[in-house]
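> need coordinates for the below:
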Amino acid sequence: MSKLFPHLFSPAKLGSRTLRNRIVFGAHTANMAENGVPTERHVAYYAERALGGAGMIVVEPMPVHQAAVLTRGNFRPGDDSVIPHFQQVTRAIKDHGAIAIQQLYHVGAHGDSDNSFHAHWSPSGLPSYHDSDGSHAMSEGEIWETIDSFVQAARRCQEAGFDGVEVWAAYLGLVDQFWTPWTNRREDQWGGSLDNRTRISSEILTRIRETCGRDFIVGLSVSDEPDYIVALGRQELAEIIRLHDEQGLIDYVTCGTGSYLDFYKIMPTFLYPEKLGTDLAMTLKAVVKTALVVAESHIRTPENAETVLGEKAADLVSIVRGQIADPHLARKAAADRPEDVRGCISCNQMCWGRRSRDYWISCLINPSAGREFEWGGDRFTAAAIKKRVLVVGGGPAGLETARVAAERGHDVVLAEASSRLGGNFLLAGLQPRRGQILDLLGWYERQLSKLNVDVRLNTYVEASDIASFQADTVILATGSVSPETGFQKALPAVPSLPGIERGNVFSIESVMARVVRPGKHVLLLDEGGGWRGGGTAWKLAEDGHKVTILTPDPLVGKELQRTAADFPLRRTLRQLGVTWLLDVSVLEWHGDGVTIVDHNTLQESFVPGDCLVLATTNVAANWLAKELESTSQPFMEVGDAVAPRQAPYAFHEGRKVALRL
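As a prediction, the model looks like this:
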C-alpha cells in the first residue's frame with residue numbers, strides 16, 4: 001500500500017471486476033487505426049500504460065455507425081472483421097493486469113463529411129459545430145438503426161475480449177443531443193419530456209445489458225458545460241444519471257468538461273485550472289446509489305488524483321495526458337516515487353495538436369508515445385558497448401540525449417554554457433502559467449543526478465576544448481538564436497528590417513531573459529503565431545507594459561489553433577489590454593514607432609511605440625558544428641542546432657540519437 005497515495009491505490013469493485021487501483025487511462029482518440037483496424041502501434045500504446053500500472057484502460061472510441069466516423073484513424077464501424085484485431089489489444093491490456101473497456105460513440109450533428117462520406121445524423125437537424133455542414137433529422141427507423149449499432153458494437157467488444165463498454169454521452173454528441181432540449185426539438189416519443197429525451201440512452205443501455213449479460217461492465221460518459229445556457233446544467237445531468245442508475249443500467253459514469261460548443265475545455269491547456277471535472281463528479285456522486293463516479297479533465301498528477309479521492313469527490317480518477325506523458329505514472333506513484341513522474345505540461349501540442357490535424361497522437365515530452373512498438377516507453381536496453389558521451393547544450397534536445405544515453409549505461413558529460421539548464425525552453429517556462437515547464441526541467445535535473453550524469457554549467461565549449469573531454473561520441477545540441485536582422489517571411493525581398501540600427505529592437509529571448517528593458521509601449525511583431533510571441537505579450541502586459549501585436553496572420557495565435565489554446569489566449573490578452581493589428585508587416589522601424597503595410601489594401605500607416613520586439617524565425621546556433629567540420633572530430637547534431645523548430649522535435653531527436661548510441 002502506498003503511504004503517499006492510500007486512496008489512489010486501494011482496490012475498487014466495478015461490476016463483477018476488481019480494479020487494482022483507482023487510476024483510469026480514459027478514452028481519447030489516439031487515431032492510430034490503419035484501414036479501420038488497430039495496429040501494432042495501438043497494441044503497444046495501450047500495453048505500455050497497462051504495464052505502467054493503470055487500473056482500467058478505456059480504449060479510444062469506436063464509431064458505432066458510418067455517420068459517426070470522425071477521423072481517418074477511426075475504427076471500422078459495423079464490421080465483425082475488427083474482432084480479431086481488437087483481441088490483440090485486449091490481450092495486451094489484460095495480460096498486464098488492467099481492466100479493458102472500449103468507448104462507443106456517435107457525434108450526431110458534429111460529424112466530418114471528409115472522413116465519413118455520410119450525412120451527419122441528429123435529433124432535429126441542427127448545424128454541426130465541428131465543420132460547416134448541417135445535419136439530417138433522424139427518422140424513427142434511423143433512431144432504431146443507431147440504437148442497434150450501439151448494441152452490435154458492444155457485442156463485438158465482448159467477443160474481442162473487452163471487460164465492458166463506455167457509451168459516450170458527452171460533449172453534446174448524439175446521446176447528449178437527444179437529452180438536451182435545445183438540440184432535441186422533436187415532438188414524437190423521442191423528444192419533449194425527460195422520459196422521452198432519455199429513451200434513446202435507456203434503450204441502448206438496456207439492450208447492451210440484455211445482449212452482453214450482467215457481468216459485462218457498462219459505463220456512461222458525460223461532460224460539464226456550465227458556460228452555455230443551452231447545455232444541460234449539472235442538476236439536469238444529475239437527474240438523468242440518477243434515472244439510469246436506479247434502473248441498474250450503468251456501472252460507472254465518467255465526468256469530463258467542455259463540449260462542441262466550447263471545444264477548448266475538452267482538452268484544457270495550462271490556461272485552465274486543474275481538476276476541472278471534479279465539480280460535476282461531486283454532483284453526480286451525490287445522486288448515484290450503485291454506479292461509481294470517475295472524475296476526468298485536467299487531473300494531471302498522482303497528487304491531483306489523491307486529493308480528488310480524498311475529498312470523496314469521485315470513486316475513480318481518469319488521468320489521460322498524464323499517462324501519455326509518463327506511461328509508468330501509476331507504478332511510480334505506487335512505489336511512492338512521485339518525483340520520478342514526468343509531468344504533463346498541458347500544452348496539447350502533440351496529443352490534441354496532432355489529432356486535430358488527423359494524425360496519430362504523440363507527446364511533446366515523451367516522444368515514445370505512439371512509437372512504443374519501436375522504441376518502448378522509457379524502458380531502455382543497455383548499450384552493447386559503454387561509451388563516454390559529450391553532449392554540448394542543455395536545452396530539450398541535450399537533456400533528452402543525456403538522460404537516455406545515461407539510462408543505457410553510457411558515461412555522459414553535459415556541458416551547458418549558461419548557469420541553468422533548459423535553453424530557450426527555460427524562457428518559455430517563465431511565461432505566465434507555464435510553470436509546468438519549470439517542473440519538467442526540475443525533473444530532468446533529478447533524473448540526471450540519479451543517473452550520475454556529469455552536468456557542467458557555465459561551460460562554454462569551443463572546438464579546441466572537445467579533445468579535453470576524451471569523448472567517444474560528441475552530440476551538439478546548441479539550440480537556436482535570433483538572427484537579429486528583423487527579416488520577415490511576409491516580406492521576402494527585404495533581408496533586414498530598415499531602421500533596425502536605430503536601436504530598441506529586441507528579440508523574444510532577450511526580453512524573457514530580462515537582459516533588456518522594454519519601453520512602456522511595446523510593439524511585438526509576431527510571425528510565428530505561437531507561444532513565443534503570444535506568451536511574451538502576456539508577460540509584458542502582466543508587467544504593466546502597453547502591448548500592441550503586429551502580425552501578418554489573420555488572427556493572433558494562429559499556430560495555437562491546433563492545440564485548442566488560441567481563443568483562451570486572445571481572451572486573456574484582451575483582458576490585459578493588449579491590442580493587435582492583423583494582416584500587417586513592418587516596413588521600417590523609426591526609433592519611436594513603425595511604418596506598417598496592410599497586406600489586404602497595401603496601405604501604409606504609422607504605429608507609435610517605444611520599442612519593437614521580434615518573434616520571428618530563429619536560426620541554428622551551429623557555430624561549433626562549423627568549427628568541427630574542419631577537424632577530424634566526428635559529431636552529431638540534434639534539435640534546433642540542426643534547424644530551429646518547435647520543442648517536440650528536439651525531444652524526439654534527443655531520444656532517437658541516444659537510442660542509437
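
> can you tell me the closest non-neighbouring residue to residue 24?
The shortest distance from residue 24 to any residue other than its chain neighbours is 4.2 Å, reached at residue 318 (Cβ to Cβ, 6 or more residues apart in numbering). (Glycine included, C-beta is placed from N, CA and C.)

> show the backbone phi and psi for the one you found.
For residue 318, the backbone dihedrals (degrees, to the nearest 10) come out as phi -100, psi 120.

> buried stuff in stretch 71-90?
Neighbour-count burial for stretch 71-90, counted by 16 or more other Cβ atoms under 10 Å, picks out 71, 73-78, 82-83, 85-86, 88-90.

> brain fart, stretch 441-458
For stretch 441-458, a neighbour-count test (16+ other Cβ under 10 Å) marks 441, 443, 444, 445, 447, 448, 451, 453, 455 as buried.

> nearest to residue 292, out of the residues you listed: which one, please.
Nearest to residue 292 out of the buried residues of stretch 441-458 is residue 443 (Cβ to Cβ; 31.9 Å).

> just give the nearest non-adjacent residue to that closest one, would you?
Computed as Cβ to Cβ, 6+ apart, the closest residue to residue 443 that is not its neighbour in sequence is residue 342, at 5.6 Å.

> give me every residue that touches that neighbour.
With contacts taken as Cβ atoms under 8 Å, 6 or more residues apart in numbering, residue 342 has the following neighbours: 325, 326, 365, 366, 378, 440, 443.

> what do you get for residue 14?
With contacts defined as Cβ under 8 Å, 6+ apart, the neighbours of residue 14 are 56, 99, 217, 251, 252, 292, 316.

> out of those residues, who has the most neighbours?
Neighbour tally across the contacts of residue 14 (other Cβ atoms under 10 Å): the maximum, 30 neighbours, falls on residue 56.

> and the gap between the closest residue to it other than its chain neighbours and residue 25?
Spatial nearest neighbour of residue 56, chain neighbours left out: residue 99 (4.3 Å); criterion: Cβ to Cβ, 6+ apart. Spatial separation of residue 99 from residue 25 under the definition Cβ to Cβ, to the nearest Å is 10 Å.

> please enumerate the shared neighbours of these two.
Applying Cβ under 8 Å, 6+ apart, one finds that residue 99 and residue 25 are jointly contacted by 56, 57.

> who touches stretch 63-79?
Outside stretch 63-79, the residues touching it (Cβ under 8 Å, 6+ apart) are 29-38, 60, 62, 82, 104-107, 111-112, 115-121, 130, 145-146, 149-150, 152-153, 174, 355, 358-360.

> I misspoke; the intended subject was stretch 483-503.
Contact with stretch 483-503 is made by 505, 507, 525, 527, 552, 585-591, 599, 612, 614, 616-619, as judged by Cβ under 8 Å, 6+ apart.

> please indicate which of these are buried?
The neighbour-count test (16+ other Cβ under 10 Å) marks 505, 507, 525, 527, 552, 585-589, 612, 614, 616-619 as buried among the contacts of stretch 483-503.

> average pLDDT for stretch 353-365, rounded please.
For stretch 353-365, the per-residue pLDDT values average out at 95.

> stretch 120-129 too?
95.

> list the buried residues in it.
When burial is assessed from 16+ other Cβ under 10 Å, stretch 120-129 yields the following buried residues: 120, 121, 122, 123, 124, 125, 126, 128, 129.

> for the stretch 251-400 of the chain, which segments count as strands?
Listed from the start of the chain, the stretch 251-400 of the chain has strands (DSSP state E, counting those that start in this stretch) covering 252-257, 292-295, 316-318, 388-392.

> and the strands in the stretch 401-550 of the chain?
Counting by DSSP E, counting those that start in this stretch, the segments of the stretch 401-550 of the chain that form strands are 411-415, 454-456, 473-476, 480-481, 505-507, 521-526, 546-550.

> ok, the second one: who's next to it in the sheet?
In the sheet, strand 454-456 lines up against strand 411-415 (parallel) (DSSP bridges).

> just give me the residue right at the centre of this structure.
With distances taken as Cα atoms, centre = their mean, the chain has residue 348 as the residue nearest its mean C-alpha position (2.8 Å).

> surely that one and residue 564 touch.
Yes: with contacts counted by Cβ atoms under 8 Å, residue 348 reaches residue 564, the gap being 5.9 Å.

> overlap in contacts of those two?
Between them, residue 348 and residue 564 share the contacting residues 267, 269, judged by Cβ under 8 Å, 6+ apart.

> count the neighbours of residue 96 for me.
A total of 17 residues lie near residue 96 under the criterion other Cβ under 10 Å.

> right, and it touches residue 51 too?
Yes: in this structure, residue 96 sits in contact with residue 51. The criterion is Cβ under 8 Å, and the distance is 4.6 Å.

> enumerate the positions of stretch 506-523 that are buried.
Neighbour counts over stretch 506-523 (16+ other Cβ under 10 Å) mark 506, 507, 508, 509, 510, 511, 512, 518, 521, 522, 523 as buried.

> again with stretch 418-438
Neighbour-count burial for stretch 418-438 [16+ other Cβ under 10 Å]: 418, 421-432, 434, 436-438.

> cross those against helices and list the overlap.
Judged by DSSP state H, helices contain the following of the buried residues of stretch 418-438: 424, 425, 426, 427, 428, 429, 436, 437, 438.

> farthest-apart pair in those, please.
424 and 436 (16.2 Å).

> can you redo the strands of the stretch 401-550 of the chain as JSON lines with mean pLDDT?
As requested, the strands of the stretch 401-550 of the chain are arranged in JSON lines below (pLDDT from 0 to 100):
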{"stretch": "strand 411-415", "mean pLDDT": "98"}
{"stretch": "strand 454-456", "mean pLDDT": "98"}
{"stretch": "strand 473-476", "mean pLDDT": "97"}
{"stretch": "strand 480-481", "mean pLDDT": "96"}
{"stretch": "strand 505-507", "mean pLDDT": "97"}
{"stretch": "strand 521-526", "mean pLDDT": "98"}
{"stretch": "strand 546-550", "mean pLDDT": "98"}
